[in-house]
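> Okay, predicted coordinates and the sequence, questions at the end:
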Amino acid sequence: MKMIYLDNGASTEVDPKVIRKMTPFFSEVCANPSSAHQMGSDAHRALEDARHVIAKSIGAKDEEIIFTSGGTESNNLAIKGLAFYQKESGTGKNHIITTKIEHSCVKTTCEWLKTQGFEVTWLDVDSEGFVDLDQLRGALRDETFLVTIIHGNNEIGTVQDLKAISEICHDKGVHLHTDACQSFTKVDVNVGKMGLDLVTLNSHKIHGPKGVGALYVRDGISLTPVSHGGNHEAGRRAGTENVSGIVGFAEAVKLASKSGHVKDMIKLRDYFIDQVLVAELGVKLNGPRDEGSGSKRLCNNMNLMFPVNGGMLGDYLNVSGICSSKGSACSSQEKGHVSHVLKAIGLTDDEAKNTIRFSLSRFSTKKEIEKATQILIKSIQKVANSRFA
Ligand SMILES: Cc1ncc(COP(=O)(O)O)c(C=O)c1O
């Protein structure tokens with residue numbers, strides 16, 4: 001049975017064109033990009049070409065991009081790097097502001113920094129997942145050095161107004177970091193226009209390879225490195241760069257920017273949501289509706305709360321050939337886990353457990369989505385009629 005893959009928020013298929021670009025860097029150009037010989041300079045050139053592609057895609061300068069092993073590392077480097085710098089240089093600043101709907105790698109980084117003497121304020125969100133800007137204004141203190149807010153939420157798809165957020169932060173001279181792993185290439189991310197100081201990106205959500213990411217750090221912002229070793233990435237991230245992965249990442253960015261895939265995904269997203277809601281089975285959409293637009297909700301995200309046991313429904317879908325997700329892939333396997341994001345938008349534990357995320361990619365087809373909605377509607381009815389439900 002060919003599975004219908006609707007878990008692209010967790011990871012995507014690597015585009016064959018990306019694989020083709022990467023392949024020579026495993027063998028013919030296997031050199032370390034820091035090596036002084038010819039092959040080393042070929043690898044170095046490929047690295048710098050990729051850096052240029054990624055920098056250009058967000059309106060940054062090449063030297064403002066640090067390559068990392070992915071979104072998790074970029075978020076750790078941004079938040080811990082800035083926090084350690086405050087301590088090291090004695091700025092007297094020790095306060096971070098974040099939200100209750102961050103990805104677990106931001107959430108747990110901030111929780112850990114609390115154990116190291118930093119103070120953290122967790123902003124609430126409304127029932128659609130939007131940050132309360134007045135609460136943000138009120139939370140900023142003289143000691144605040146960082147506001148970190150996710151751009152497109154990985155569970156419910158809410159896209160924050162980062163321009164409005166950055167204006168509030170910059171009024172107080174505070175840096176804004178955003179985790180843009182889910183929004184990158186789906187919503188415009190432009191560091192100048194949006195006033196972003198640090199931005200986390202990764203490759204495997206956009207049909208690039210896993211284990212590669214980048215951190216944008218605005219020129220003039222100092223970070224204390226989190227890992228120590230060689231002088232790679234201008235002394236900000238030690239370790240030989242993953243050249244093949246980075247080349248693949250850049251190719252994925254180029255391909256994503258070329259096609260009109262966002263509009264196509266919006267149509268499929270809204271079709272899927274409409275079909276399920278119109279069946280009048282008591283299904284509710286989590287996150288903003290945002291019909292026909294991708295500005296408030298990610299174009300590929302459908303997060304639905306069901307009036308039946310979500311665990312059983314997910315199992316039915318799985319055996320019927322649909323890959324979906326119980327919340328974020330990083331925590332969905334934890335037993336008894338209740339999503340902190342769904343709790344933050346006001347769902348009860350049971351409602352959160354009965355919620356499933358479906359996520360599209362530019363490879364998703366209308367045929368697949370038609371089939372998936374039919375299977376989903378039948379499965380809801382089956383679970384509702386099951387004596388175990
Ligand atoms: C919003 C967000 N941030 C960070 C990550 C972690 O990225 P990576 O898997 O590249 O470490 C993910 C991926 O699950 C994500 O969705």
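Ah, there it is.

> Output the below-cut-off pLDDT ranges for this protein.
Scanning the chain with the threshold set as pLDDT under 70 gives 259, 327-335, 387-389.

> Please parse it into its domains.
4-12+260-385, 16-257 (automatic domain parsing).

> Where does the stretch 201-350 of the chain get nearest to the ligand, which residue?
Asn202 (3.8 Å; C-beta to the nearest ligand atom). The C-beta positions use only the backbone N, C-alpha and C, and glycine is treated the same way.

> Please export the C-alpha coordinates of stretch 51-64 as CSV.
C-alpha atoms of stretch 51-64 as CSV (Å, rounded to 0.1, in the frame of the first residue of the first chain):
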residue,chain,number,x,y,z
ARG,A,51,25.9,30.5,2.2
HIS,A,52,25.2,33.1,-0.4
VAL,A,53,21.9,31.4,-1.6
ILE,A,54,20.7,31.1,2.0
ALA,A,55,21.7,34.6,3.0
LYS,A,56,20.0,36.1,-0.1
SER,A,57,16.8,34.2,0.5
ILE,A,58,16.2,36.1,3.8
GLY,A,59,17.8,39.4,2.7
ALA,A,60,21.0,38.9,4.8
LYS,A,61,24.7,39.3,4.2
ASP,A,62,26.7,36.1,3.6
GLU,A,63,28.8,36.6,6.7
GLU,A,64,25.7,36.7,8.9
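
> Buried residues, it. List them.
For stretch 51-64, a neighbour-count test (16 or more other C-beta atoms under 10 Å) marks Arg51, Val53, Ile54, Ala55, Lys56, Ser57, Ile58, Gly59, Ala60, Glu64 as buried.

> Relative to the whole chain's centre, how far out is that stretch?
19 Å (C-alpha atoms, centre = their mean, to the nearest Å).

> same thing with stretch 215-225?
What separates the centre of stretch 215-225 from the centre of its chain is 20 Å, taken as C-alpha atoms, centre = their mean.

> can you tell me if that stretch touches the ligand.
No - Stretch 215-225 lies out of reach of the ligand by C-beta under 6 Å from any ligand atom, never closer than 11.5 Å.

> before we move on, the earlier item: secondary structure and distance to the ligand added to the buried residues of stretch 51-64, as CSV?
Output for these, formatted as CSV (DSSP: H, G, I helix; E, B strand; the rest coil; distance: C-beta to the nearest ligand atom, whole Å):
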residue, secondary structure, distance to the ligand
Arg51, helix, 18
Val53, helix, 18
Ile54, helix, 14
Ala55, helix, 19
Lys56, helix, 21
Ser57, helix, 17
Ile58, coil, 16
Gly59, coil, 21
Ala60, coil, 19
Glu64, helix, 20
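
> measure the residue nearest to Asn76 when sequence neighbours are not counted to Tyr85 for me?
Once flanking residues are discounted, Asn76 sits nearest to Thr109: 5.5 Å by C-beta to C-beta, 6 or more residues apart in numbering. The gap separating Thr109 from Tyr85 is 15 Å, by C-beta to C-beta, to the nearest Å.
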